[in-house]
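> Build me a structure from this.
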Amino acid sequence: MIKQLRVNNQIRLPELQVIDENGKQLGVIKTPDAMKLAQEKGLDLVEVGPNVSPPIAKIMDYGKYIYRKERQEKKGPKAREPERKTVRVGFKTGAHDLEFKAKQVSEFLKEGHIVKIELTLRGREKALAHMGKEKLTNFLKSITEEFSVQESVKRSPFGWTIIIKK
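You can find the predicted model right below:
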């Protein structure tokens, strides 16, 4: 978030320490004279140091200043958060499909993602929830990549879920 600075007519102080557009100190100048100087150059008078006495003002293009600040803020260091991938396995999913999904989970873990594995139970399968949990633990054994459990196996409205990461 960019701090709002006082610009041109918003500055209500009698005197300012003024810096020109090249960074050269112009000394303490009366505010109307500094405004006139900035207008002659086609630029803005911007109060950059309001907490000192006399406050510091700089002659600059305010629009360009704001644009650069926004670009700099967007470009700042980004801590890449691992993406959460979801893999769904059904109660009746075949052995080959389970193998394929285990390879998929291993790839996600290699890339550093967090993986949520859902075992879905439909209809009467919900009565066999204990078997579903066993199927999920067997599926976890088939994952080749090393992983740690972030959230243990939990019952959810549609079956069982577990969240793992590398």
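
> for the strand ranked longest in the chain, packing partners?
Scanning the chain for the strand with the most residues, using DSSP state E, yields strand 148-156. Counting contacts by 3 or more CB pairs under 8 Å, 6 or more residues apart in numbering; DSSP states H and E, strand 148-156 is packed against helix 129-141, strand 159-165. Every C-beta, even on glycine, is put in place using the N, C-alpha and C of the backbone.

> Report the inter-axis angle for the shortest one versus strand 148-156.
I take that to be strand 159-165. In terms of direction (axes from the mean of the first three to the mean of the last three CA atoms, to 10 degrees), strand 159-165 departs from strand 148-156 by 170 degrees.

> Just the pLDDT at residue 107, thanks.
Looking at residue 107, its pLDDT reads 89.

> pretty sure it belongs to a helix, no?
Yes - assessed with DSSP: H, G, I helix; E, B strand; the rest coil, residue 107 lies in a helix.

> how about the helices and strands packed on strand 148-156, which one is nearest residue 120?
Among the helices and strands packed on strand 148-156, strand 159-165 comes nearest to residue 120, with 4.5 Å by CB to CB.

> between that closest one and helix 129-141, how big is the angle?
Using the same axes, to 10 degrees: strand 159-165 against helix 129-141 is 20 degrees.

> Contacts for strand 159-165 next, please.
Residues outside strand 159-165 that contact it (CB atoms under 8 Å, 6 or more residues apart in numbering) are 82, 84, 91, 105, 109, 113-121, 126, 129, 132-133, 136, 140, 143, 147-154.

> and those residues, which are buried?
Neighbour-count burial (16 or more other CB atoms under 10 Å) applied to those gives 91, 105, 109, 113-121, 132-133, 136, 140, 143, 147.

> Do you have the strands of the chain handy? List them.
15-19, 25-30, 44-49, 56-60, 84-90, 114-120, 148-156, 159-165.

> okay, the ones you listed in a markdown table with distance to residue 66 and mean pLDDT next?
Formatted as a markdown table, these follow (distance: least, CB to CB, whole Å; pLDDT from 0 to 100):
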| stretch | distance to residue 66 | mean pLDDT |
| --- | --- | --- |
| strand 15-19 | 18 | 87 |
| strand 25-30 | 23 | 86 |
| strand 44-49 | 10 | 84 |
| strand 56-60 | 10 | 88 |
| strand 84-90 | 36 | 89 |
| strand 114-120 | 38 | 91 |
| strand 148-156 | 42 | 85 |
| strand 159-165 | 40 | 89 |
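
> Please produce JSON lines containing these, extended by distance to residue 5.
Listed next are the strands of the chain as JSON lines, based on distance: least, CB to CB, whole Å:
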{"stretch": "strand 15-19", "distance to residue 5": "13"}
{"stretch": "strand 25-30", "distance to residue 5": "18"}
{"stretch": "strand 44-49", "distance to residue 5": "5"}
{"stretch": "strand 56-60", "distance to residue 5": "9"}
{"stretch": "strand 84-90", "distance to residue 5": "40"}
{"stretch": "strand 114-120", "distance to residue 5": "42"}
{"stretch": "strand 148-156", "distance to residue 5": "45"}
{"stretch": "strand 159-165", "distance to residue 5": "44"}
